[in-house]
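K.L.:
show me the folded form of this:
(3 chains)
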Amino acid sequence: MSGHHISSSKFLWAIGSALFFLTFLTVAVTWYHIPSPWNVIVAIGIASLKAMIVISFFMNLWWDTKFNAMLFVTSIIFFGLLIGITLLDTLFRTDPVPAF
Amino acid sequence: MSDTSAVKERPKHLKHYFVDSDQQFEASKMGMWVFLVTEILFFGGLFAAYIVYRAWYPDLYLQASTELDTFWGTVNTAVLIGSSLTVAMAIRSAQLNQIKGLIINLWITISLACVFMMIKYFEYTHKFHKGIFPGEYYTYEGIAHEKANIFFSIYYMMTGLHGVHVIIGIGLMLFLVYKAKKGAFSSEYYTPVEITGLYWHLVDVIWIFLFPLLYLID
Amino acid sequence: MATTDAQNIRRLQVQRFKPDESPKEHYLNAEKGIWSWLTTVDHKRIGLMYLASIAFFFLVGGILALVLRTELLTPARNFIDANTYNQVFTLHGAIMIFFFLVPSVPAALGNFILPLQLGAKDVAFPRLNLASFYIYTLGSIFTLIAIFTGGIDTGWTFYTPYSAETSTNVMMMTLGIFILGFSSILTGVNFIVTIHKMRAPGLTWNKLPLNIWALYATSIIQVLATPVLAITVLLLAMERALGIGIFDPALGGDPVLYQHFFWFYSHPAVYIMIVPGFGVISEVISTFSRKTIFGYWAIALSSLAIAFIGFLVWGHHMFTAGQSSLASMVFSFLTFLVGIPTGIKIFNWLATMYKGSIDMKTPMLYAMVFLFLFTIGGFTGIMLGALVVDIHLHDTYYVVAHFHYVMMGGMVMAFLAGVHYWWPKMFGKMYSEFWAKIACGIIFIGFNMTFLPQFIMGSQGMPRRYYNYIDQFQPFHQFSTIGAYTLGVGFLIIAAYLIHSLLKGKEAGSNPWGSRALEWQTSSPAPHHNFDHTPVIINGPYDYHKPMSEFQLGIAQSHNGHHKDEKVDVETGTAQEKA
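P.N.:
Numbers count the residues shown, from 1 in each chain, chains lettered A, B, ... in the order given. Predicted structure coming up:
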């Protein structure tokens, strides 16, 4: 049977432990004052790492057909477009409204 | 009515429009991944609202997030990660034809999910007690920012929608337990377990982002 | 003959399977009774149920349009008051867009034809397909309830803060659209997986019909855009129910943010509406020019390009809304880009027809109408995309004329082309070619009478959604109303001869148009499981220079699915060539 990767019990527990550790790290990092915007970047960075681990090794994308990985990447790209282009508006509004 | 006809025994789970089990399994997995794409964009809208308002009112977010209990948020994160682990173990059990193991792991996952919802329940009621309600029902005086209701509206929408997805996941897994007890799954066919697992992992991933964005704004 | 490495080459001994010209059993009579229809998982029956539903909604939306146009005959009140007028145009828009256009080609025609064109027995998830249909039905029930319990008067765009505050039944309507969105999403999921996983042997990506490429691009848009609409209407519902306040300035929110979220879906939505139409046009023009399509990859990839670029331009609906000038300029620039892949298609279609053997049957006539009307619509879209021009034209009848030219002059004409093209495959009957062409002519005339004056009115300043107007616009409005009634007559004629075709139409053979496409290589109406063999593809979909027999190749199947008593002898050696 192709496409049926079976992870060993040890491997799954190792991934779980890594995730628990990273969760602890996420909280521990807030005990130190990191200047903005780096605090957000670190927080999102660790969260992204955790997410990538879940997606690659719990959701098995690491061993799955490339197309499914592309689906996931595509959703992130379009999510990025939604935020990025909206911010082009919301971050650049000047007061008062410029005259036409 | 010749007996030399080569009719292969088709497995019961194999639908007539698929050629073999592999094609069916791969198709179901791909279908679930496409659906997960829609879930990412669905929550993405809420994350977009979060980002837009955080960029406009960074102080609001700083102040308001002190109302969220970091300890219980961390516990909930660990609970969900644990449930991701156990659902992965459940899939592994199915792959190895260990149906008893499958059922046990599913029950553990369901229990962890219920623990998550219970903690959420206590978090919400604690806030309601203080007058922190969503939207126009917000009456809490403790935050000195005129847009405080906006932060909590976003908080309730994001965690509320996430909670709805957790409840749906619990329902799906209860259904899986029921089917597993009836002998529907084996190492030959465990597709519903696999795709429910994918759904559950995404619910976990979404929380992995919600947690620092809401609870750990320092 | 040199032998190549036999391990990597799987040889199929194919034979020719000529379709039955007069099938006794087909998908329409395979199972009997209304319950068999309501619980069917056959994509063809589901497609027909969608077709009936969208025809119903088109009728409702069309009647609403006639009500509007009748009221606009004079500036003063004719027979409805201003509040009712607001509700009528809101409903006209919402019903036409959400209940007719978005599902039209994908769900109705697409469901029917996609597996046939792929040589598959059904879509990847037939039960999900049926669920999609029932979700669509549930969403439409919510909408009908909304109409009868308070109505809605916000415009189909539900802009805040008015939509959060109006006393009309926005809640029911937004919930209806939320539910409807799932129908769209699940259809998209089904199509993407079916196209990837269930193509017949030999059907490589470079041999896919362009209709499939179009449905593929549409499904991608559906999957990526609809969830954002879902969260938008959910937030709007919460705004009304709980006063969430993200979009309402009175509660601290930003109404322009609503518009960003709304148009992030609704602009790609217009591509959901038109791209399947492009697919139909590719099929029709190639078949009725008896010629291979010009620029296959250009058309195929341009569908994907439109899908992608379509996500980058939503702010061109918001030039006057108060978004930053930076955003407006970026959106205007990107909007000009989106016209390029569409233009490529138009030129390729024209080049396909050049030196072809044109057979001006009804589907081809609609395709010609499409080319003319959609080009006008597309041009005027680019004109509106110019930032400075739009400041003057935004919210005028110019916009109304533009989108009716692309959506009705484009999409509805393509939809009619598709219906008239695949009608024989769906029902095994032909319709009256004479009346069909008459109706097409009446519709063409009626359409231009209705909407051409609206360009002029709009550029002179006539605002849209207005119940009153100044006297200088009256001749335009009256001319437009006469055109609307002409359109109505045309559609009634279509309904008449199509119903007549169902009852008394001439029997169509398997391939009345002489097309090379795969769906025509099986009998009409289609068999229950689409093909009685597994089709094998060796040629491109528009290779008219190859003989028809090469498009009817296949291998016998050892079973036909759930009919356990069917046994077919499968010889594992060579099969004889059937004459």
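K.L.:
so is the top helix by length along chain B next to chain C?
P.N.:
Counting by DSSP state H, the longest helix found in chain B is helix B:21-56. Yes. Remark: helix B:21-56 sits within contact range of chain C at B:23, B:26-28, B:30-31, B:34-35, B:37-46, B:48-49, B:52-53, by CB under 8 Å from any CB of the partner chain. To be clear about C-beta, it is placed using only N, CA and C from the backbone, and glycine gets the same treatment.
K.L.:
show the pLDDT at B:Asn149.
P.N.:
B:Asn149 is assigned 88 on the pLDDT scale.
K.L.:
if we can go back for a sec, list the buried residues of the longest helix of chain B.
P.N.:
By neighbour count on 16 or more other CB atoms under 10 Å in any protein chain shown, the buried set for helix B:21-56 is B:21, B:23-54.
K.L.:
for the record, mean pLDDT for stretch C:358-365?
P.N.:
Rounded mean pLDDT across stretch C:358-365 is 97.
K.L.:
ok, for C:Ile443, nearest residue in space, not its chain neighbours?
P.N.:
C:Gly490 (3.7 Å; CB to CB, 6 or more residues apart in numbering or on different chains).
K.L.:
contacting residues around that neighbour?
P.N.:
Each residue near C:Gly490 by CB atoms under 8 Å, 6 or more residues apart in numbering or on different chains is listed here: C:439-440, C:442-443, C:446.
K.L.:
so what's the backbone phi/psi at it?
P.N.:
C:Gly490 adopts backbone torsions of phi -60, psi -50, taken as degrees, to the nearest 10.
K.L.:
C:Val536 versus C:Gln15, what's the distance?
P.N.:
9 Å (CB to CB, to the nearest Å).
K.L.:
so where do the strands sit in the stretch 351-500 of chain C?
P.N.:
Remark: no strands are assigned in the stretch 351-500 of chain C by DSSP state E, counting those that start in this stretch.
K.L.:
near chain A at all, the lengthiest helix in chain C?
P.N.:
In chain C, with assignment by DSSP H, the single longest helix is helix C:255-289. Yes. Interface with chain A: helix C:255-289 contributes C:256-257, C:260, C:264 (CB under 8 Å from any CB).
K.L.:
low-confidence ranges, chain B, go.
P.N.:
Scanning chain B for pLDDT under 70 picks out B:1-8.
K.L.:
okay, now residue 88: neighbour count?
P.N.:
Going with chain A. A:Leu88 sits with 18 neighbouring residues when counted by other CB atoms under 10 Å in any protein chain shown.
K.L.:
could you do chain C instead?
P.N.:
20.
K.L.:
just C:Leu304 next, same as before
P.N.:
The burial count for C:Leu304: 17, using other CB under 10 Å.
K.L.:
excluding its backbone neighbours, what's nearest it?
P.N.:
C:Ala217 (5.2 Å).
K.L.:
pretty sure that neighbour sits against C:Val275.
P.N.:
Yes. The pair C:Ala217 and C:Val275 qualifies as a contact (CB atoms under 8 Å) at a distance of 5.4 Å.
K.L.:
neighbour count winner among those two?
P.N.:
Neighbours were counted for C:Ala217 and for C:Val275 using other CB under 10 Å; C:Val275 has more, 31 against 26.
K.L.:
quick check: the gap between the more buried one and chain A.
P.N.:
C:Val275 sits 17 Å away from chain A, going by CB to the nearest CB, to the nearest Å.
K.L.:
does the residue nearest to C:Leu304 sit in a helix or strand, and which one?
P.N.:
helix C:210-242 (DSSP states H and E).
K.L.:
now do C:Ser515
P.N.:
Counting by DSSP H and E, C:Ser515 is part of no helix or strand.
K.L.:
burial of the closest residue to it other than its chain neighbours, as a residue count?
P.N.:
In this structure, C:Ser515 finds its nearest non-sequential neighbour in C:Thr287, 4.3 Å apart by CB to CB, 6+ apart. Residues lying near C:Thr287 (other CB under 10 Å) number 24.
K.L.:
quick one: contacts for the closest residue to C:Asn111 other than its chain neighbours?
P.N.:
In space, and not counting its chain neighbours, C:Asn111 is closest to C:Gly47: 3.7 Å by CB to CB, 6+ apart. Listed by CB under 8 Å, 6+ apart, the contact set of C:Gly47 reads C:107-113, C:426.
K.L.:
C:Arg516: which of those residues is nearest?
P.N.:
C:Ile113 (14.9 Å; CB to CB).
K.L.:
please, which helix or strand holds the closest one?
P.N.:
Assigned by DSSP H and E, C:Ile113 falls in helix C:111-118.
K.L.:
angle of that helix against helix C:210-242?
P.N.:
Counting by axes from the mean of the first three to the mean of the last three CA atoms, to 10 degrees, helix C:111-118 lies at 140 degrees to helix C:210-242.
K.L.:
who touches helix C:111-118?
P.N.:
C:43-44, C:46-48, C:50-51, C:121-123, C:129, C:187, C:191, C:194-195, C:198-200, C:203, C:209, C:211-212, C:215, C:422, C:425-426, C:517-519, C:522, C:526, C:530.
K.L.:
selection in PyMOL covering whichever of those residues are buried, please.
P.N.:
Those of these that count as buried under 16+ other CB under 10 Å are selected in PyMOL with:
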select buried, chain C and resi 43+44+46+47+48+50+51+121+122+123+129+187+191+194+195+198+199+200+203+209+211+212+215+422+425+426+517+518+519+522+526+530
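K.L.:
per-residue confidence, the residue nearest to the spatial centre of chain A, what does it come out as?
P.N.:
The centroid of chain A falls nearest to A:Ser48 when counting by CA atoms, centre = their mean (2.8 Å). pLDDT for A:Ser48: 96.
K.L.:
now it: how far from A:Phe57?
P.N.:
Distance from A:Ser48 to A:Phe57, by CB to CB: 15 Å.
K.L.:
with C:Phe79 instead?
P.N.:
67 Å.
K.L.:
now the helices: where do they sit in chain B?
P.N.:
Using DSSP H, helices in chain B cover B:21-56, B:58-64, B:70-95, B:99-130, B:148-181, B:191-215.
K.L.:
check which residues of the fourth one are buried.
P.N.:
By neighbour count on 16+ other CB under 10 Å, the buried set for helix B:99-130 is B:99, B:102-106, B:108-110, B:112-113, B:115-116, B:119-120, B:123-124, B:127.
K.L.:
please apply the same query to the shortest one.
P.N.:
Of the residues in helix B:58-64, those scored as buried under the neighbour-count criterion (16+ other CB under 10 Å) are B:60-61, B:63-64.
K.L.:
report the two of the residues you listed separated the most.
P.N.:
B:Tyr61 and B:Gln63 (7.5 Å).
K.L.:
related to what we said a few turns ago, mind listing what the residue nearest to C:Leu304 touches?
P.N.:
Neighbouring residues of C:Ala217 by CB under 8 Å, 6+ apart: C:275, C:303-304, C:306-307.
K.L.:
now for these: which two are most distant?
P.N.:
The widest separation within these (CB to CB) is 9.6 Å, between C:Val275 and C:Leu304.
K.L.:
enumerate the residues of chain A near chain C.
P.N.:
Counting by CB under 8 Å from any CB, the residues of chain A close to chain C are A:67, A:74-75, A:78, A:81-82, A:85-86, A:88-94, A:97-98, A:100.
K.L.:
count of residues packed around B:Ala144?
P.N.:
Applying other CB under 10 Å, I find that B:Ala144 has 9 neighbouring residues.
K.L.:
for B:Gln63, see how far away it is.
P.N.:
7 Å.
K.L.:
next one: C:Tyr258
P.N.:
26 Å.
K.L.:
name the nearest residue to C:Leu210, ignoring sequence neighbours.
P.N.:
Using CB to CB, 6+ apart, the nearest residue to C:Leu210 is C:Ser282, at 3.8 Å.
K.L.:
which residues touch that neighbour?
P.N.:
When contacts are taken as CB under 8 Å, 6+ apart, C:Ser282 is in contact with C:209-211, C:214, C:293, C:299, C:345, C:349.
K.L.:
okay then, goodbye and thanks.
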